[in-house]
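> Following is a predicted model, sequence given first.
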Amino acid sequence: MYKPTSLAVRVAVFAATTAFGIAAHAATITGAGSSWVYPLVAKWSDAYARETGTQVNYQSIGSGGGIAQIKAGTVAFGASDKPLKPEELAAAGLVQFPTAIAGEDVVYNLAGIKPGELILSGPLVADIYLGKVTKWNDPAIAKLNPGLKLPDVNITVVHRSDGSGTTFTFANYLSKVSPEWKSKVGAETSIAWPTGVGGKGNEGVTSYVQRIPGSIGYVEYAYILENKMSYARMINSAGKVVSPSLQGFQAAAANVDFTKAQDFYVILTDQPGDESWPISGCTWQILRKDAPKATNQEVTKFFAWGFDKGQDMARSISFGPLPPSTVDAVKAYWTKNLGI
């Protein structure tokens, strides 16, 4: 499981010093938010420190925390897997830009069932998380998995306990495929879960699913790879059974044009296409317009480095690079909104 490192997270520095004060020395950048993007930021920050000497200290506290921290001005950048609407950005004096394409999947702890052997659909996952399907050998699961020996054990639902963009992406997808989920639960970074136990961050959900037999959860794909977790194949909007993959995330993203969306506000769930992964998403970095110019320059230099030099590292953990046209649009957006 991904664990904070002295490079990626220095809580004492984070708590004791504001982002604006740190950036004045141009030696340390602080950020906080999405646990989804933590594996990527950790990889990039380690390489960036070796190349430039600039430290990037990032706290994986969930998208809700990242949004709160950047609004308070206590970090140089906040990361969220839920994009903020243009009107919310304007009201708070913020800007946002995408980082990389990725995806999340349903994971499970079932003895004798290997990774990728279990097939699920969006409506079925919604019914499990609504507490309507409570046994692994329920006829609805068995119907999608003929020949698979499903155990007669209770399903333990695991979800996020913190404000989470991973939750927003997951719940947004369920809202698109389940009218009941949309009307009863909806999609936000924090929701009223009908059932289950909560873990903090992708790390917490990963830990719970690994430790609880019969459990089901949802995590970003890099955590699945790192922890060798059992993952489900899903039926996408085209009716095809697909596995989570970088190719599937990028197939979903091919349906949208970031460059034509105000403040890059797009949602990637349940996109059309035979290869599209249904629970695809993106992480956005959020900056304050009124931050010192030097602070925003250090942040954008780091992400520009990631766009230009960090894509092989991103692909190694199944984060898809933004199209060159989107990167160009992001850099133009920085110039227009931040003067850099």
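Nice, I can see it. Numbering: from 1, shown residues only.
> List the contacts of the residue sitting furthest away from the middle of the chain.
Centroid-distance maximum for the chain: Gly147 at 33.3 Å, with C-alpha atoms, centre = their mean. Under the criterion of C-beta atoms under 8 Å, 6 or more residues apart in numbering, Gly147 has no neighbours. Where C-beta positions appear, they are placed from N, C-alpha and C, glycine not excepted.
> Then the one 3 residues further on?
With contact set as C-beta under 8 Å, 6+ apart, Leu150 has these partners: 110, 113, 136-137, 141-142.
> Need the three-state assignment for it.
Following DSSP: H, G, I helix; E, B strand; the rest coil, we place Leu150 in the coil state.
> and what of Ala304?
From three-state DSSP, the assignment for Ala304 is helix.
> That one against Leu322, yeah?
No: assessed by C-beta atoms under 8 Å, Ala304 is found out of contact with Leu322, at 11.7 Å.
> quick one, which of these two is more surrounded?
With other C-beta atoms under 10 Å as the criterion, Ala304 and Leu322 differ in neighbour count, and Leu322 comes out ahead with 23 against 15.
> Give me the spatial nearest neighbour of that one, chain neighbours excluded.
Pro98 (6.0 Å; C-beta to C-beta, 6 or more residues apart in numbering).
> just to revisit the earlier point, buried ones among the contacts of Leu150?
110, 113, 136, 141 (16 or more other C-beta atoms under 10 Å).
> Report the secondary structure state of the second one.
For Ile113, the assignment made with three-state DSSP gives coil.
> What separation do you get for it and Leu120?
Distance from Ile113 to Leu120, counting by C-beta to C-beta, to the nearest Å: 12 Å.
> Tell me where the stretch 51-200 of the chain has helices.
63-72, 86-92, 122-129, 139-144, 165-177, 179-184 (DSSP state H, counting those that start in this stretch).
> what's the fourth one in contact with?
When you say that, I think you mean helix 139-144. Contacts of helix 139-144 (C-beta under 8 Å, 6+ apart): 119-121, 124, 127, 133, 148, 150, 235.
> neighbour-wise, which of the residues you listed leads?
Leu124 (23 neighbours).
> Contacts only, for that one.
So Leu124 contacts 133, 140-141, 144 (C-beta under 8 Å, 6+ apart).
> let's go with 10 Å and repeat that
If a contact means C-beta atoms under 10 Å, 6 or more residues apart in numbering, then Leu124 has 106, 132-133, 138, 140-141, 143-144, 177-178, 232, 234-235 as its contacts.
> got it, and Ala253?
98, 100-103, 266, 268, 271, 276-277, 280-282, 320, 322-323, 326.
> Read off the pLDDT value for it.
Model confidence at Ala253, given as pLDDT, is 96.
> returning to that earlier point: filter the contacts of Leu124 down to the buried ones.
Judged by 16+ other C-beta under 10 Å, buried ones among these: 106, 133, 138, 141, 144, 177-178, 232, 234-235.
> So which residue is smack in the middle of the chain?
Of the residues in the chain (compared using C-alpha atoms, centre = their mean), Trp36 is nearest the centre, at 3.5 Å.
> Check which helix or strand that residue maps to.
Here Trp36, judged by DSSP states H and E, is contained in no helix and no strand.
> Name all residues that make contact with it.
Trp36 neighbours (C-beta under 10 Å, 6+ apart): 60, 62-63, 79-81, 99-100, 102-104, 164-166, 169, 201-202, 219-223, 281-283, 319.
> and the nearest residue to it once chain neighbours are set aside, how many neighbours?
Spatial nearest neighbour of Trp36, chain neighbours left out: Glu220 (4.2 Å); criterion: C-beta to C-beta, 6+ apart. Residues near Glu220, counting by other C-beta under 10 Å, number 34.
> now swap in Ala47 and tell me
Residue crowding around Ala47 was assessed by other C-beta under 10 Å; the count is 15.
> if we can go back for a sec, of the helices of the stretch 51-200 of the chain, which approaches Lys289 most closely?
Nearest to Lys289, of all the helices of the stretch 51-200 of the chain, is helix 86-92, at 9.1 Å by C-beta to C-beta.
> what's the offset of the closest one from the middle of its chain?
Offset of helix 86-92 from its chain centre (C-alpha atoms, centre = their mean, to the nearest Å): 22 Å.
> go on, stretch 215-227?
In terms of C-alpha atoms, centre = their mean, the centre of stretch 215-227 is set 11 Å apart from its chain centre.
> and it, C-alpha only, in PDB?
Only the C-alpha atoms of stretch 215-227 are listed here, as PDB (Å, rounded to 0.1, in the frame of the first residue of the first chain):
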ATOM      1  CA  SER A 215     -15.500  -7.200   1.200                       C
ATOM      2  CA  ILE A 216     -15.900  -5.000  -1.800                       C
ATOM      3  CA  GLY A 217     -14.500  -1.500  -2.300                       C
ATOM      4  CA  TYR A 218     -13.400   1.000  -4.900                       C
ATOM      5  CA  VAL A 219      -9.900   2.400  -5.400                       C
ATOM      6  CA  GLU A 220      -7.800   4.200  -8.000                       C
ATOM      7  CA  TYR A 221      -6.100   1.700 -10.400                       C
ATOM      8  CA  ALA A 222      -2.500   2.500  -9.300                       C
ATOM      9  CA  TYR A 223      -3.400   1.100  -5.800                       C
ATOM     10  CA  ILE A 224      -4.700  -2.000  -7.400                       C
ATOM     11  CA  LEU A 225      -1.400  -2.500  -9.300                       C
ATOM     12  CA  GLU A 226       0.800  -1.700  -6.300                       C
ATOM     13  CA  ASN A 227      -1.100  -3.900  -3.900                       C
END
